[in-house]
Structures are given as structure tokens and as C-alpha cells.
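Asks: Show me the folded form of this:
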Amino acid sequence: MAKEGFAPGLIVKAIQSSSTDFDVSADALVALKNAGIDSLVMEAMLSAQAAKPSGAIEAAHGATTGRGGGMSDPVTAACTANRGCLLRDSTEVPLKFASCLTSKTAHEGDPVELVLAEDLKVGVAVVAAKGSHAVATVSSSKKAGMMGRPGELSVQLQHLVVGDNRVRLRGTKGREGEGKVGTTVALTVLFGPIGLFKHSENIEIAEGTPLTAYVDQDIWLPQVQ
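Replies: Have a look, this model is predicted:
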């Protein structure tokens with residue numbers, strides 16, 4: 001694409017939407033640099049390759065060969081500190097609110113405190129410990145108004161912090177519509193009238209209220225020691 005004169009930004013978007021395995025070895029990157037490839041393009045290749053379990057990554061993490069010569073699911077293989085474990089797309093991530101959140105005082109862009117409600121596992125191996133922090137922000141908030149208008153409150157799930165890794169999160173098991181990462185999760189819809197103030201009709205989510213998120217992309221994680 002670079003040879004055809006496409007802009008670096010467009011090439012980056014193509015890389016992000018591609019399922020292709022990229023050669024990001026030191027020799028390959030040097031060759032790309034010498035060919036005048038923009039550094040943003042190479043960074044996108046590195047990010048894309050690190051985020052998906054390609055055949056090369058499967059092999060590096062010790063995936064076994066099943067009957068018929070195909071690669072067996074590495075999740076079924078033992079997870080070790082050296083290999084790490086593959087946390088799959090759509091895996092449930094049990095979260096809970098670390099503090100109270102209310103439409104009476106929340107503003108768009110405010111951080112939302114969430115923590116992992118229980119150990120996150122691949123098989124029997126723990127890859128994220130209970131209490132790990134998750135990042136979210138208030139995407140919209142409206143106080144209760146005149147004429148009995150109820151309050152509104154929505155958040156955007158972003159990622160779970162696991163050491164130096166960031167596990168991308170979404171709000172639904174599937175990828176359609178509201179499920180994709182960064183889209184809005186309407187707490188009004190999730191919890192209905194639960195936690196509403198009796199008189200003001202503002203939305204209030206109590207500390208400890210559970211919220212289920214889902215892994216948005218396959219990611220290799222080390223086993224928690």
C-alpha cells in the first residue's frame with residue numbers, strides 16, 4: 001500500500017482491521033525503515049501482531065498438534081509461567097463497582113471505579129487476581145428533572161489492568177452494536193429500578209453492585225504466581 005502512495009493513516013486502519021500475520025522481526029522492521037515506511041505503520045503492525053494469537057504466537061506459547069495435523073486449542077494445554085495462558089474473546093469478566101455512582105453528581109468523562117469481583121481464570125490457572133482494577137468512564141449522565149423525569153446514567157467499559165497488560169473489554173458477549181469495545185453500557189437498562197432514590201428518581205449504583213463485562217480480543221497473559 002505504501003508503494004501505491006496510500007497515506008500512513010489509511011494503512012494503519014487497514015492493518016487494524018486485518019487478520020493477516022505480520023512479520024515484525026528485527027530484520028523485517030529494519031528493512032521497512034530503510035524502505036521509508038512511516039513509523040506509525042510499523043507500530044500498528046507490532047500492536048496488531050501482539051494482540052492476536054497467530055500461528056507463530058501459538059507455536060511460541062506451546063500449542064500442541066491434534067489429530068489430523070491441526071492446532072489444538074492452547075487453552076486446553078497446561079498454562080505455565082513461561083508459556084502464559086490464552087484468554088479468549090468473549091470470556092466473562094465479573095466486575096463490581098468499587099464506589100457509589102449516581103446520576104445526581106456524575107458528569108460525562110468522570111472515571112468509574114470497577115474491580116474484578118473474583119479471580120479470572122483460564123482453566124484452573126489464574127491470569128488476573130481478584131481486586132484488579134478496570135477502567136471505565138461516564139459516557140452520559142442526566143439528573144432527574146421536572147414532571148417526574150427519571151435520571152439517566154451510562155458508562156463506557158475500556159479495559160482491565162493486569163500488570164503491564166490491558167485486557168480490552170466490551171459490554172455484551174457478542175460484537176454487534178453495543179457489544180464492541182468503548183460503546184455505551186446503559187446502567188438504567190441493566191439495573192432497571194434497582195437502586196433508584198425513592199423521591200428524586202436519580203440513578204444510584206451502590207458500591208459492590210456486580211457488572212459483567214466480556215473480553216473484547218484474544219490476549220496472552222502470564223499466570224499469576
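
Asks: Of all residues in the chain, which one is nearest the centre?
Replies: Arg168 (1.1 Å; Cα atoms, centre = their mean).

Asks: What helices and strands are in contact with the helix or strand in which that residue is found?
Replies: For Arg168, the element it lies in under DSSP states H and E is strand 165-170. Packed against strand 165-170, as judged by 3 or more Cβ pairs under 8 Å, 6 or more residues apart in numbering; DSSP states H and E, are the following elements: strand 152-162, strand 210-215, strand 219-221. Where C-beta positions appear, they are placed from N, C-alpha and C, glycine not excepted.

Asks: and of the ones you listed, who's closest to Leu95?
Replies: When the helices and strands packed on strand 165-170 are compared for distance to Leu95 using Cβ to Cβ, the nearest one is strand 210-215, at 4.8 Å.

Asks: For that closest one, what is the distance to the chain centroid?
Replies: 10 Å (Cα atoms, centre = their mean, to the nearest Å).

Asks: Report all helices and strands that it contacts.
Replies: Other helices and strands packing on strand 210-215, by 3+ Cβ pairs under 8 Å, 6+ apart, are strand 92-97, strand 165-170.

Asks: got the angle between the first one and strand 152-162?
Replies: With axes from the mean of the first three to the mean of the last three Cα atoms, to 10 degrees applied, the angle from strand 92-97 to strand 152-162 works out at 120 degrees.

Asks: Adding distance to Lys130, mean pLDDT and mean neighbour count as columns, could you present the helices and strands packed on strand 165-170 in TSV?
Replies: What follows is the helices and strands packed on strand 165-170, written out as TSV (distance: least, Cβ to Cβ, whole Å; pLDDT from 0 to 100; neighbours: other Cβ atoms under 10 Å):
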stretch	distance to Lys130	mean pLDDT	mean neighbour count
strand 152-162	12	90	22
strand 210-215	13	91	19
strand 219-221	15	90	22
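
Asks: and Thr172, which of the ones you listed is closest to it?
Replies: Ranked by Cβ to Cβ, the member of the helices and strands packed on strand 165-170 that lies closest to Thr172 is strand 210-215, at 6.6 Å.

Asks: any idea how far Val161 is from Glu201?
Replies: In this structure, Val161 and Glu201 are separated by 34 Å, where distance is defined by Cβ to Cβ, to the nearest Å.

Asks: Val112 now?
Replies: Between Val112 and Glu201 the distance, using Cβ to Cβ, works out to 21 Å.

Asks: Between these two, which is the more surrounded one?
Replies: More neighbours surround Val112 than the other of Val112 and Glu201, with 23 against 16 (other Cβ atoms under 10 Å).

Asks: which stretches of this protein form helices?
Replies: 8-16, 26-34, 39-51, 55-60, 187-191 (DSSP state H).

Asks: domains for the protein, by residue range?
Replies: Domain ranges of the chain: 8-76, 85-221, per automatic domain parsing.

Asks: need the contact list for Ser140.
Replies: The contact partners of Ser140, taken as Cβ atoms under 8 Å, 6 or more residues apart in numbering, are Glu108, Glu152, Leu153, Ser154, Thr184.

Asks: Hmm, the residue nearest to the centre of the chain is touching His159, no?
Replies: Yes: taking contact to mean Cβ atoms under 8 Å, the distance of 5.2 Å between Arg168 and His159 places them in contact.

Asks: just to revisit the earlier point, now the strand holding Arg168 and strand 92-97, what's the angle there?
Replies: Using the same axes, to 10 degrees, strand 165-170 lies at 90 degrees relative to strand 92-97.

Asks: now the angle from strand 165-170 to strand 210-215?
Replies: Compare the direction of strand 165-170 with that of strand 210-215 by the same axes, to 10 degrees and you get 110 degrees.
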